[in-house]
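Engineer: My questions are about this predicted structure, shown below with the sequence.
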Amino acid sequence: MFSHIMIGANDIDASKKFYDAVLGALNISPGTLDTRVRTH
């Protein structure tokens, strides 16, 4: 079982819009943005 999943993207706003819409269809609330800086 997974409790968290992280997916990287170049266009965060577009990705959030897409995943919020897809997961919203499954009755999952919108995600939150993690503003901490991450490195490769």
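Structural biologist: Received the coordinates, thanks.
Engineer: any idea how far the nearest residue to residue 19 once chain neighbours are set aside is from residue 22?
Structural biologist: Nearest non-adjacent residue to residue 19, counting by C-beta to C-beta, 6 or more residues apart in numbering: residue 31, 6.3 Å away. Bear in mind the C-beta positions are built from the backbone N, C-alpha and C, glycine included. Residue 31 is 11 Å from residue 22, where distance means C-beta to C-beta, to the nearest Å.
Engineer: and what of residue 3?
Structural biologist: From residue 3 to residue 22 the distance is 19 Å (C-beta to C-beta).
Engineer: quick one, which of these two is more surrounded?
Structural biologist: For residue 3 versus residue 22, the count of surrounding residues by other C-beta atoms under 10 Å is larger for residue 22: 10 against 4.
Engineer: Can you give me every residue that contacts that one?
Structural biologist: Neighbour list for residue 22: empty [criterion: C-beta atoms under 8 Å, 6 or more residues apart in numbering].
Engineer: where does residue 18 land in three-state SS?
Structural biologist: helix (DSSP: H, G, I helix; E, B strand; the rest coil).
Engineer: if I pick it, what's in contact with it?
Structural biologist: No contacts exist for residue 18 under C-beta under 8 Å, 6+ apart.
Engineer: And the helices in the chain?
Structural biologist: With helices called from DSSP state H, the chain shows them at 12-24.
Engineer: For residue 32, grab phi and psi.
Structural biologist: Main-chain torsions, residue 32, degrees, to the nearest 10: phi -120, psi 150.
Engineer: So what's the residue count around it?
Structural biologist: Residues lying near residue 32 (other C-beta under 10 Å) number 7.
Engineer: Could you check how far it is from residue 3?
Structural biologist: 15 Å.
Engineer: if we can go back for a sec, and the residue nearest to residue 19, how many neighbours?
Structural biologist: 13.
Engineer: residues contacting it?
Structural biologist: By C-beta under 8 Å, 6+ apart, the contact set of residue 31 is 16, 19, 20, 23.
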